[in-house]
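Colleague: Kindly generate the corresponding structure for this input.
(one chain, ligands or ions: 1)
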Amino acid sequence: MTAAAPPGLPAKMHALVRSFLAEPGALAAAVAEYGSPAHLVFPQVFAENLERLRTQLAGRVSGYRICYAHKVNQSRAFVATAEAAGVGIDVASEAELASAVGAGFTPARIEVTGPKGEGFVRELVGSGVTINVDNLWELERIAALARPQARVPVLVRVSGFAGTPVSRFGVPLHRVDAVLKVLAAERERIEFRGFAFHLDSGEPAERVRAVESCLVLTERAYAAGLTPSVLNIGGGFRQVFTADADAFDAYVHALRESLLGRGEPMTWGGNTFGFHLEDGAVHGTPVFHKYANTVDAERMLADLLDTGLEAHGGRTIAQIAAENLLDIWLEPGKALVDHAGITVARVEFVKETGDGSTLVNLDLSRDTVTPADQEVMVDPILVPAGPVANSGAVGVFLAGRLCLERDLITNHKVWLPRCPAPGDFLVFPNTAAYHMDLSAARASMHAVPPKLAVAQRSGAFRVCRDIDYRHEVA
Ligand SMILES: *Cc1c(COP(=O)(O)O)cnc(C)c1O
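Modeller: Predicted coordinates:
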């Protein structure tokens, strides 16, 4: 008799990452040299992601620019790979700007987004980078600081599209008139390149409405005597984490049942993952809904560009852009680093808690693999340190190294193929997008884990510190 397979959350993984993990001793050697825990990035996977988005664009529009959104990961290897590929970069701080310049990006290929204070605006004016303006104050400061002999290239970010939640970023649509007035009056100092938006949403209709609004604004800019040539559609192109959408759904179903007290307990510490329980049912959208996504960035981008707009006689967004000589710019972050990073931790010890749960303690903390309010919903991969006795699958919670009750790396039960032993490794898949760097802290004076770059050259894997990575043509 075979028991039903335990609930699982199998991770989609890139073949290159898989073969690195399958290479005998490769991971152990990297950890032996650089320490555990560690983040590993795979710039060759980044390059492939970039190429796939490029292919979608090249087949549809004549003018386009991809600006890699640096904030998704601090990796120098990714920035170097983007530079070598000839694309642009989107930076959102002084330090990210310095990182881009250091990697060889010329000002013409740099776009600066996000909130900027007086100091940063002063640094940007006259530098030749394109400023993606967030608000009227910023635009007026640029006008005041600019010199006529060096017009400042700007995009204007807008927000507040119908059916879209209010955003803290951008100029609300009803304030765009004031912006056009400044742009028209300051034509000598400001080179207006076009409108921009960025949406976090994975909802295709929201992006289509944002494009429609920006096309209307572009017309108005022309009417005001301006000559916009860019439509910047931002980032937000999604990742696919799961290798098996049915298994994911089955896991979430079992999790919801367990929240109602049915079946095996699957949650730690009364966590409900953003669901709420009412009238004996589970409601709401969980904090981990991104893990359910099955539409990849390439598809999202292609579908958007192929969407016909009623107001334009059904012509597609790609056609409209081409006919109006508008270059499409995008700012993908997570889509470019999808599957291009993993995080490895060592198992320190395994214990049983008062309620009979099995706790696997690791040498990293929750903030190393995910922002605190998120829950990682793909199974880590167990890489044994030595010969294994196969004890069969075991359901565990993963606990972190901080002396805090809340430092659980998973608040949901994870089934591992066997009970790990001290010294084994657990590898967290697909951590390059925000997971590694966004919330990493030096709590309890633990060092931030080293970041390593892994590349396959002539069939062999080479590992170095991320900061020492040099791009080589394959
Ligand atoms: C964060 C950010 C991006 C990148 O977003 P992803 O969801 O990672 O693609 C792009 N543009 C702007 C303005 C951003 O703030």
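Colleague: For the ligand, see how far away the residue most central in space within the chain is.
Modeller: The residue lying closest to the centre of the chain (Cα atoms, centre = their mean) is K334, at 2.5 Å. Remark: distance between K334 and the ligand (Cβ to the nearest ligand atom, to the nearest Å) = 4 Å. The way it works is simple: take the backbone N, C-alpha and C, and place the C-beta from them, glycine included.
Colleague: same deal with N232?
Modeller: On the measure of Cβ to the nearest ligand atom, N232 and the ligand end up 9 Å apart.
Colleague: for A292, same thing?
Modeller: A292 is 17 Å from the ligand, by Cβ to the nearest ligand atom.
Colleague: residues touching that residue, list them.
Modeller: 242, 245, 248-249, 252 (Cβ atoms under 8 Å, 6 or more residues apart in numbering).
Colleague: before we move on, the earlier item: could you check the pLDDT of the residue nearest to the centre of the chain?
Modeller: K334 carries a pLDDT value of 98.
Colleague: okay but it is in contact with F237, surely?
Modeller: Yes. Taking Cβ atoms under 8 Å as the definition, K334 is a contact partner of F237 at 7.4 Å.
Colleague: Identify the residue spatially nearest to H446, adjacent ones excluded.
Modeller: Excluding its sequence neighbours, the residue lying closest to H446 (Cβ to Cβ, 6 or more residues apart in numbering) is R401, at 6.6 Å.
Colleague: What's the local residue count around the one you found?
Modeller: 20 (other Cβ atoms under 10 Å).
Colleague: From the ligand, how far off is it?
Modeller: From R401 to the ligand the distance is 28 Å (Cβ to the nearest ligand atom).
Colleague: same deal with V101?
Modeller: V101 sits 19 Å away from the ligand, going by Cβ to the nearest ligand atom.
Colleague: and the residue nearest to the centre of the chain, what does it touch?
Modeller: 72, 235, 237-239, 433-434.
Colleague: What segments of the stretch 51-200 of the chain are helices?
Modeller: Applying DSSP state H, counting those that start in this stretch to the stretch 51-200 of the chain gives helices spanning 76-85, 94-102, 118-124, 136-145, 176-185.
Colleague: I'd like the contacts of K334 laid out as a markdown table, including distance to the ligand, secondary structure and pLDDT.
Modeller: Listed next are the contacts of K334 as a markdown table, based on distance: Cβ to the nearest ligand atom, whole Å; DSSP: H, G, I helix; E, B strand; the rest coil; pLDDT from 0 to 100:
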| residue | distance to the ligand | secondary structure | pLDDT |
| --- | --- | --- | --- |
| V72 | 5 | helix | 97 |
| G235 | 3 | coil | 98 |
| F237 | 6 | coil | 97 |
| R238 | 8 | coil | 97 |
| Q239 | 9 | coil | 97 |
| A433 | 6 | coil | 97 |
| Y434 | 7 | coil | 94 |
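Colleague: one step back: now, among the contacts of A292, which is nearest to the ligand?
Modeller: Taking Cβ to the nearest ligand atom as the measure, the ligand sits nearest to T242 out of the contacts of A292, at 18.1 Å.
Colleague: re earlier: what's the farthest-apart pair in the contacts of K334?
Modeller: For the contacts of K334, with distances taken as Cβ to Cβ, the pair at the greatest spread is F237 and Y434 (13.8 Å).
Colleague: Between these two, point out the one with more neighbours.
Modeller: Per other Cβ under 10 Å, whichever of F237 and Y434 has more neighbours is F237, with 26 against 17.
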